[in-house]
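Colleague: just to be clear, the model below is a prediction. Sequence and coordinates:
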Amino acid sequence: MDNFSLILSSVITLGIGILSIPLLPSKIKAFASFFFVLLVAIATSIPAVHALLGSPVEIYLPGSPFFGEIPLRIDALSAWFILIINITCLNGAFYGIGYMKPYKAQKANLSLHWTLFLLFQASMLWVCMLQHSLAFLIAWEMMSLSSLFLVLFEHEKKDTLKAGINYMVQMHLGVAFLTVGFIWVYFAQGTFDFLALSNYFGANFNAWLFLVFFIGFGIKAGFVPLHSWLPHAHPAAPSHISGVMSGVIVKLGIYGIIRVALMLQSEILLIGESILIISIITGIFGILNASVH
């Protein structure tokens, strides 16, 4: 089976899972979700392994006269994150089978929870594959919204609701910065393809544009001082969701920063040193905060 067929099969599997999980008995929803997560993981991990072995994937999906074709690319960077996403989601879904047993009576909530879990996995994978700024933003927003509603599973608790609102506001602040950055590049280059970033930074280094992208992705990554959503959202979420968020969703902020940084043609050392300093400050702050609590 070629890479396009594998990726298409993952989308079909996702659709079947979303349609079928609400119709299944409560006692098997979690098992069914794990099964669909496994199928999606297999279908997307094979192209990722191909990319790591030196055969990157490049597929152009049909678009529109305005949007243009939508490039789907899996290179070595994407591949590593795809594998991490799949391994983490499999662990999360497996642990969730036992964790969600006390909630069997909440049939509607369970249906929504496991449907959102599938969307969560898929949207994170699409973030790593899509290299069309508008399609990327849609996937990024799907990832944020699905994780938001997963965090809000026990929304009747005041602290959980407060954490969810805080998370929603900050995630959409990040999306706003990313939107500004991609629109900036579009008006400069006339295309939504990620290659426009490389062309733009190749012609001139723009520290302000990089800062816009860094803030947008840095909020998701939890860099200090953009981290305030993180210590509230993680404890509020069910344990298996918190694990996936810690293991993957925060790292996708790092993915975005690396993706943009790889497009730079100049001032690479300055940017690298700046990110290193911010990372050290974030790490020290995290250690101090953990020791206090």
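Modeller: Sure, I can see it.
Colleague: buried residues in whichever strand or helix holds I7?
Modeller: Assessed by DSSP states H and E, I7 sits inside helix 3-20. Using 16 or more other CB atoms under 10 Å as the test for burial, helix 3-20 gives N3, L6, I7, S9, S10, T13, L14, G17, I18. Just so you know, the C-beta spots here come from the backbone N, C-alpha and C atoms, and that holds for glycine as well.
Colleague: S78 versus the closest residue to S9 other than its chain neighbours, what's the distance?
Modeller: Closest residue in space to S9, ignoring its immediate chain neighbours: A43 at 4.9 Å, by CB to CB, 6 or more residues apart in numbering. To S78, A43 is 15 Å away according to CB to CB, to the nearest Å.
Colleague: same check, this time on V169
Modeller: Separation of V169 from S78 (CB to CB) stands at 29 Å.
Colleague: residue contacts, the nearest residue to T191 once chain neighbours are set aside?
Modeller: Once flanking residues are discounted, T191 sits nearest to G68: 6.5 Å by CB to CB, 6+ apart. G68 is in contact with H132, T191, F192, D193, counting by CB atoms under 8 Å, 6 or more residues apart in numbering.
Colleague: low pLDDT regions in this protein?
Modeller: Within the chain, the segments meeting pLDDT under 70 span 1, 105-108, 230-231, 234, 290, 292-293.
Colleague: mind listing the strands for it?
Modeller: Here the chain has its strands, by DSSP state E, at 57-64, 68-74.
Colleague: which stretch among these comes nearest F177?
Modeller: Proximity to F177 (CB to CB) singles out strand 68-74 among the strands of the chain, at 22.4 Å.
Colleague: rewinding a little: pick the most deeply packed of the strands of the chain.
Modeller: Most buried of the strands of the chain, by mean neighbour count (mean count of other CB atoms under 10 Å): strand 68-74, with a mean of 19.
Colleague: run the angle between that strand and helix 3-20 for me.
Modeller: Orientation check (axes from the mean of the first three to the mean of the last three CA atoms, to 10 degrees): strand 68-74 against helix 3-20 gives 100 degrees.
Colleague: gap between A76 and C89?
Modeller: Distance from A76 to C89, counting by CB to CB: 21 Å.
Colleague: what about the two, which has more around it?
Modeller: Higher neighbour count among A76 and C89: C89, with 27 against 12, using other CB atoms under 10 Å.
Colleague: my read: the more buried one touches V244, true?
Modeller: Yes - at 6.1 Å, C89 and V244 qualify as touching, with contact defined as CB atoms under 8 Å.
Colleague: so what sits against both of those two?
Modeller: Both C89 and V244 are contacted by F120, under the criterion CB under 8 Å, 6+ apart.
Colleague: hang on, isn't L38 packed against L90?
Modeller: Yes - under the criterion of CB under 8 Å, L38 makes contact with L90 at 6.3 Å.
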